[in-house]
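J.: fold the following, please.
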Amino acid sequence: MTEFTRTIVSTPRLDMNVWTSGPEDGLPLLLLHGNLSSGGFWKYVAEELPGDIRVIAPDLRGFGRTEPKPVDATRGLGDMADDVHGLLDVLGLAGQPVNAAGWSMGAGVLQQMLIDYPGDLAGCTFIAPLSPYGFGGTKDAKGTLAYADCAGSGAGGANPEFVRRLAVKDDTELIPMTSPRVTMRTFFGGGSNHAAIDEDFLVEELLRVRISDELYPGNARPSMNWPMVAPGDKGINNAMSPKYFNTAAFVDVNPKPPITWLYGTKDQISSDTSMFDFGTLGMMGAVPGWPGPEIFPPQPMEGQMRAVLAKYAANGGLVREVKLDGISHGIPLEVPGRTAEEIVQSLVR
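T.: Numbering: from 1, shown residues only. Purely as a prediction, here's the structure:
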């Protein structure tokens with residue numbers, strides 16, 4: 001089994017906790033985790049990678065053991081992209097193409113890096129990725145906003161009791177609907193591979209998320225538009241709101257690293273029927289007052305990603321789409337071996 005260890009790396013921006021495995025002189029592979037997780041979630045994929053790969057899996061700001069500096073949501077995921085670029089610089093890797101994979105929010109960070117630091121990345125694997133048009137509040141494949149203030153996206157969508165339980169580091173299964181452990185297990189855990197993962201370790205990592213208006217979930221503002229809440233200007237969830245996050249311009253970057261898009265057909269987070277999207281919840285009757293499909297349909301997250309990647313390919317980029325039948329959002333935990341295989345196939349050596 002590959003040893004997966006962690007250390008604090010000081011950069012000019014912040015001190016980052018970085019998980020690593022493989023030989024120090026191995027082929028570098030940057031792995032970026034998703035929301036409510038940490039670099040430690042990559043341990044099962046790291047165990048499946050070839051022995052000549054050097055894994056670099058940082059805890060992004062606000063998560064794990066990395067220094068909890070505030071997130072300026074008005075920059076989208078720009079703070080995190082800058083942090084990762086700074087880490088690569090300290091490691092002597094900035095400016096030379098590094099292979100990378102990003103899961104969920106982490107794929108959004110890679111999209112931002114493609115725009116801001118196009119020379120940093122080689123082969124890219126987007127795993128259950130954040131849409132290029134952000135999370136929530138858009139209604140078609142072009143990313144058209146449902147409302148100008150982006151109501152229905154951002155920090156206001158976080159369940160207050162769930163956030164409270166994160167803050168007190170509640171690792172129990174009591175009242176399952178708001179239990180962080182049950183939420184992880186249900187929506188982004190190991191799925192059919194549950195028995196092979198250390199859930200206690202993953203829950204401990206999840207509960208390291210820093211709770212505040214400047215980090216998770218961020219601040220919210222009232223809105224006259226359904227569901228009567230709009231994103232604020234601080235924090236992680238607001239940074240993924242379409243008010244501030246739009247990376248569709250990565251279709252024009254040069255050079256164009258090859259991109260693999262890996263997604264599961266049972267994904268309930270990054271999909272066209274996300275259970276965390278107000279459009280889906282309104283359509284189901286779970287949130288009263290839904291204005292209907294013409295105004296606020298479920299966000300077509302897969303459709304948006306497919307449309308943007310089609311433009312990337314039309315502009316000369318190489319795109320590979322990989323559908324995983326019956327797999328949910330927790331791809332690196334549910335099928336770590338298959339995830340490793342697809343990442344290796346996408347490597348630029």
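J.: distance of residue 302 relative to residue 127?
T.: From residue 302 across to residue 127, the span is 13 Å (Cβ to Cβ, to the nearest Å). Where C-beta positions appear, they are placed from N, C-alpha and C, glycine not excepted.
J.: now residue 29: phi and psi?
T.: Main-chain dihedrals, residue 29, degrees, to the nearest 10: phi -140, psi 110.
J.: may I ask you to confirm that it is in contact with residue 50?
T.: No. Checked against Cβ atoms under 8 Å, the pair residue 29 and residue 50 is beyond contact range at 10.0 Å.
J.: who has more neighbours, those two?
T.: residue 29 (27 against 13; other Cβ atoms under 10 Å).
J.: any idea how far residue 211 is from the more buried one?
T.: On the measure of Cβ to Cβ, residue 29 and residue 211 end up 31 Å apart.
J.: just residue 21 next, same as before
T.: Counting by Cβ to Cβ, the separation of residue 21 from residue 211 is 30 Å.
J.: ok, those two, which is more surrounded?
T.: More neighbours surround residue 21 than the other of residue 21 and residue 211, with 24 against 19 (other Cβ under 10 Å).
J.: how about the contacts made by the more buried one?
T.: 2, 3, 4, 5, 46, 47, 49, 53, 54, 55 (Cβ atoms under 8 Å, 6 or more residues apart in numbering).
J.: equivalent analysis for residue 141, please.
T.: 300, 303, 304, 306, 307.
J.: pLDDT below threshold where in this protein?
T.: The chain contains residues with pLDDT under 70 at 1-2.
J.: pick out the residue nearest the middle of it.
T.: The residue lying closest to the centre of the chain (Cα atoms, centre = their mean) is residue 105, at 1.4 Å.
J.: residues contacting that one?
T.: Per Cβ under 8 Å, 6+ apart, neighbours of residue 105: 32, 33, 34, 35, 60, 77, 130, 236, 240.
J.: stretch 95-109: end-to-end distance?
T.: Here the two ends of stretch 95-109 are set 17 Å apart, with distance taken as Cα to Cα, to the nearest Å.
J.: swap that for stretch 174-192, sorry
T.: End-to-end distance of stretch 174-192 (Cα to Cα): 22 Å.
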